[in-house]
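Chemist: mind looking at a prediction? Sequence and model below.
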Amino acid sequence: MAEQIVIVGGGQAAGWAAKTLRDSGYRGRVILVGDESHPPYERPPLSKAVLTGSRPPESCYLWARERLQALEVEQRQDPAVAIDRWQHEVRLSSGTRLHYDKLLLAMGSRPRRLRCTGADLPGVRYLRTIQDSVEIGQSLHPGEPLLVVGGGWIGLEVAASAMSKGVPVILVESSDRLCGRSLPLALGNYFLELHRGRGVDVCLNVSHFALEGRGRLERAVLHDGRSISVSSAVVGIGVEPNIELAKACGLEVANGIVVDVRARTSDPDIFAAGDVANQPLGSDEGRIRFESWKNAQDHGILAAKAMLGQEVPKRDIPWFWSDQYDVNFQMLGIPPSGGRVYQKGATSAGSFVHYFVRDERLVSVGAVNSPRDLREAKRVMVDGKPFDPASLSAVAVN
C-alpha cells in the first residue's frame, strides 16, 4: 500500500500542513477531509472585508483549487466521524475508510452556543465559516439595528464592520470590560472608548437577557428590563475546540488535544495543529491553546515537518492582530499577570504602544497603529536583553 497522510480539517493549519508536506519532499498521498466545499482558507477577512462585501469569499482561499491539484493534494467533502488507531484508519461520514501512516487533526474550533430564551430564533447567527460571513453580510441593512452578543474580538470586528455599512450596533457583554480574556484592563478600556466614540451602544455587565419574536428575532430584553428592537444578532462568546474525534479514540485531551513541542499527540502516529491543539508554551511556562491566524499557519507547518521526521522550525513569539475602523491593533507575546507597564505615545493621539515588562525583560507588546514600534520591540524580545525604556522613548504608567 502506498504511503498516505490524512489531514482532518480544511482551515489554515490543514492547508499549510498539506502544502508543507509537498514542499518538504513528501511523495505519498495527501488527503484533506472536511465538511466544507471550499479549499483551505483563512478566517480573519470573514469578520471584515468579506462580511462588508468589499472582497469576495474566494479571496480567503490560501490557494486556488488548481494549485491544490498541482500539488496533488486530494480534498474530500466527507467529514471524519471516527478514528481507529489500531487499524490506522479514519472512517468518513459516507462509510469510506481511509488508511493513514500519519494522521493530522486540524479540526479547529466551533462557536460557543448562546444559552438564553430565544437563542434558536431565526435571525440569530454565528460567525465561523465563509457561508456564515456571507449570510451575516446579507442580513445587514443601513438603519436596521444589529445586536452583537459578546465583547471579544469577533464581536468587536463585526460591530466595526456593521457600523461601516451604516448599521446601528448594540453590543452586550456579560463582564465589566471588553476583551477580558486577552487584554489588560487599560487596552480593553481603549477599545471600549473607541467603539462608543464611533456610536456603538456598548452595554457591559449584562448578566442575562432574552431574545423574543414570533417566528424570528424581533427584540432583545436585557436584565434591567430594557427592550431593544432588532431583527438580526451575531453571537461571539468564544469557541470550543473540536476534540470529539480525539477523545473518542482515546487521545489525551484537556482544553484541546494535548500535544508536545513537535505537535505529536499521545499516539506517536497522530498529530494535532492549530486552534484544536493544546501546546506547551516553553520550558516552564505552562500550556496554551492559541486561537490566531499566525498560530494556525505556523503550527500547521511545524506539524507537517514533524510527521516527516524533519527538524521543526523554532516557534515564533505569539502574535495577534485586529483591524477595527481605522485602527490596526497588534499584540506580540502574552501580557503577564504581574510586572510593570510602559507606554510610548498618547492614547488620544491615535497611535501608542504598551510595553509589558517582567523581571526586567520585555515579554509582551500591544501596539495601536504602530507597526514600526512593534517590529523594534520584537527585536528587543528576541535579543533577550534587559528592557531599557529610554531606548524606546517609553515611560512607566500605572
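Modeler: Alright, I've got the coordinates.
Chemist: which parts of stretch 90-98 are buried?
Modeler: Under the neighbour-count criterion of 16 or more other Cβ atoms under 10 Å, stretch 90-98 has 90, 91, 92, 98 buried. (Glycine included, C-beta is placed from N, CA and C.)
Chemist: average model confidence for that stretch?
Modeler: The predicted model assigns stretch 90-98 a mean pLDDT of 97.
Chemist: which two of the buried residues of stretch 90-98 have the greatest separation?
Modeler: Spatial extent of the buried residues of stretch 90-98 (Cβ to Cβ) is set by the pair 91 and 98 at 8.0 Å.
Chemist: the stretch 101-250 of the chain: strands as residue ranges?
Modeler: Using DSSP state E, counting those that start in this stretch, the strands assigned to the stretch 101-250 of the chain run over residues 102-105, 109-111, 124-126, 146-149, 169-172, 201-203, 209-212, 219-222, 227-229, 233-235, 239-241.
Chemist: possible to save these as a markdown table with distance to residue 30 and mean pLDDT?
Modeler: A markdown table is the format used below for the strands of the stretch 101-250 of the chain (distance: least, Cβ to Cβ, whole Å; pLDDT from 0 to 100):
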| stretch | distance to residue 30 | mean pLDDT |
| --- | --- | --- |
| strand 102-105 | 10 | 98 |
| strand 109-111 | 23 | 96 |
| strand 124-126 | 30 | 98 |
| strand 146-149 | 39 | 98 |
| strand 169-172 | 42 | 98 |
| strand 201-203 | 46 | 97 |
| strand 209-212 | 44 | 95 |
| strand 219-222 | 46 | 95 |
| strand 227-229 | 49 | 94 |
| strand 233-235 | 35 | 97 |
| strand 239-241 | 24 | 95 |
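Chemist: out of these, deepest packed?
Modeler: strand 102-105 (a mean of 28; mean count of other Cβ atoms under 10 Å).
Chemist: please parse this protein into its domains.
Modeler: 4-110+239-307, 113-235, 326-397 (automatic domain parsing).
Chemist: ok, back up a step: distance to residue 310 added to the strands of the stretch 101-250 of the chain, as a markdown table?
Modeler: Below are the strands of the stretch 101-250 of the chain laid out as a markdown table (distance: least, Cβ to Cβ, whole Å):
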| stretch | distance to residue 310 |
| --- | --- |
| strand 102-105 | 12 |
| strand 109-111 | 28 |
| strand 124-126 | 38 |
| strand 146-149 | 44 |
| strand 169-172 | 46 |
| strand 201-203 | 48 |
| strand 209-212 | 51 |
| strand 219-222 | 53 |
| strand 227-229 | 55 |
| strand 233-235 | 41 |
| strand 239-241 | 26 |
